[in-house]
Each structure stands twice: as structure tokens, then as C-alpha cells.
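J.: sequence and predicted structure are below.
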Amino acid sequence: MKWLCRNLYRKEKGFTLVELMVVIIILAVLTGIAIPSYMALRNRARVAAAQSEMKNIATALEVYQSDLETYPAEATWDTDLETGGYMANVPDEDPWGTDAYAYAFISSTSYTLTCASADPDIVIQDGQLQE
């Protein structure tokens, strides 16, 4: 009984090496579970942001086309949307931080808008999101 009381109420306070190792292992396991989930959520958020920005650009392109009966030329499409008042600010970068969206003028009634940073690519063809 003396031994139990002496060990329970000892004056030396602190953690043993084994206790510290157990805590570190638990934290490592929790981190190993959390990081992949976080990365997947972050990627889904970027895809949703890119789709939203591309839909806004597509809306501005449709309004441009209804006013002028043609889509803007490839070389000046972003400045045409901004200076024409169709879109206040065409994004310079996509959510991944790379060059923004690729616009391809096909004809006066057709275009393609692509975000190649997403996996798989996000494509809007003539105002419709391609699945």
C-alpha cells in the first residue's frame, strides 16, 4: 500500500517518453487522415469556382453576341468584354493560379471557353457547360 501511495503522489511531474510517443503517433495518424480529405475538398472548391467564373464569362459573351451579332475575336475577347461594359473584370487567372481561360472563336455564332487547369478540363461550348 505504501508503494501505491508513494507512486501516485510523487513530487516529480511530467510525461514519460512512451506517453509522448503515443501522442505523436496519434497526431500523425489523424494528420494522415485529414490531409487527403482537405486536398479533395480544396480541389472541388476550385472546380466550382472555375465553373462559376466561366458561367459569368459565358453570360457576358452571350450578351455581347446578342448586341453585336457576333462573338468577339480571340485576340481581344477579354478587353472587348471589359471595355464594352459586358463584364466589369475578366479574371486574369483561374483558381489554380495559372493563365486564365482559353477562348476559341469558331464562328459568329459559336465559341469554346476552356479551363485546362481542372482535371478533367472544364469546357463551355456556346454558353453550355459540357459534362
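T.: That came through, no problem.
J.: give me the pLDDT value at residue 83.
T.: pLDDT recorded at residue 83 is 91.
J.: which residue ranges form the helices in this structure?
T.: Counting by DSSP state H, the chain has helices at residues 2-8, 17-68, 77-83.
J.: now these in TSV, with mean neighbour count?
T.: To be clear about C-beta, it is placed using only N, CA and C from the backbone, and glycine gets the same treatment. TSV is the format used below for these (neighbours: other C-beta atoms under 10 Å):
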stretch	mean neighbour count
helix 2-8	8
helix 17-68	13
helix 77-83	16
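J.: which one of the ones you listed lies nearest to residue 107?
T.: helix 17-68 (10.9 Å; C-beta to C-beta).
J.: and residue 97, which of the helices of the chain is closest to it?
T.: Of all these, helix 17-68 sits nearest to residue 97, with 9.6 Å by C-beta to C-beta.
J.: list the helices and strands the closest one packs on?
T.: helix 77-83, strand 110-115, strand 122-125, strand 128-130 (3 or more C-beta pairs under 8 Å, 6 or more residues apart in numbering; DSSP states H and E).
J.: now tabulate those in JSON lines and tack on distance to residue 65.
T.: Formatted as JSON lines, the helices and strands packed on helix 17-68 follow (distance: least, C-beta to C-beta, whole Å):
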{"stretch": "helix 77-83", "distance to residue 65": "11"}
{"stretch": "strand 110-115", "distance to residue 65": "8"}
{"stretch": "strand 122-125", "distance to residue 65": "13"}
{"stretch": "strand 128-130", "distance to residue 65": "14"}
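J.: per-residue confidence for residue 60?
T.: For residue 60, the model assigns a pLDDT of 94.
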